[in-house]
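Asker: A predicted structure for the sequence below; I have some questions about it.
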Amino acid sequence: MNDLITFGITVFTGFFAIMNPIANVPVFISLVGDADDAAKERIAKKSTLTAFFIVLVFVILGKFIFELFGITVPAFKITGGILIFYIGFEMLQSKKSTVKHLQNPSIDENIAVSPLAIPILAGPGTIVTAMNYVTNSDLIHIFTVIAIFALMCLLTYIFFRISENFVKAVGANFISVTGKIMGLIIAIIGTNMVTEGIKAAFHLN
């Protein structure tokens, strides 16, 4: 049970760092523009639900995808780790990740799917993180990852719904500092994935 709790905390930390509901609040505000409350709620709900189902597909079909394309676990960990490290590095430099964000999206309710759901919420980093946690895992751990990601999507929805009041309450500086901390955590997660991949590839202890 203790191992499962530790695993759950690790997964939650990883998802929170890569999705970062706090840092995505200004992104949501900039995309929804002057939309009314009803439209904002629809966009928030659709984007988080779409992100959840995208990641769910990769979690469930991850092993099949590996077999279909002949992807090995060590190669996945190394490549995914490099990608996640790059995203974290850009966040540390106060840049919007070019892997995660699109430029000049259309301001209509289609933004709920793109760019909000993908690639901002369910981008490559999120998908890689999810698949890394379920690789060679049993059903209990897989269900734990799915449940925690569902919780993360719910938190993101809540932050989107209170976005304007949240920014007014905490200020832009707090969001900026949080983004840098999350960037550091993401970079560490990416480095750890690369290390695990190298160990697995060369059968090191």
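Answerer: That came through, no problem.

Asker: low pLDDT regions in this structure?
Answerer: 94-108, 205 (pLDDT under 70).

Asker: in it, which spans are helices?
Answerer: When assigned using DSSP state H, the helices of the chain occupy the ranges 2-19, 24-32, 37-69, 73-92, 124-134, 139-161, 163-170, 172-201.

Asker: helices or strands up against the longest one?
Answerer: For helix 37-69, the packing partners by 3 or more CB pairs under 8 Å, 6 or more residues apart in numbering; DSSP states H and E come out as helix 24-32, helix 124-134, helix 139-161. Using the backbone N, CA and C atoms, a C-beta is placed for each residue, glycine as well.

Asker: Just send these back as CSV, with distance to Phe15 and mean neighbour count too.
Answerer: CSV is the format used below for the helices and strands packed on helix 37-69 (distance: least, CB to CB, whole Å; neighbours: other CB atoms under 10 Å):
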stretch, distance to Phe15, mean neighbour count
helix 24-32, 13, 19
helix 124-134, 7, 23
helix 139-161, 5, 18
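
Asker: Tell me which of those helices sits nearest to Gly8.
Answerer: In terms of CB to CB, the element of these nearest to Gly8 is helix 139-161, at 5.5 Å.

Asker: if we compare the helices of the chain, which one ends up closest to Ala112?
Answerer: Using CB to CB, the helices of the chain put helix 37-69 closest to Ala112, at 3.7 Å.
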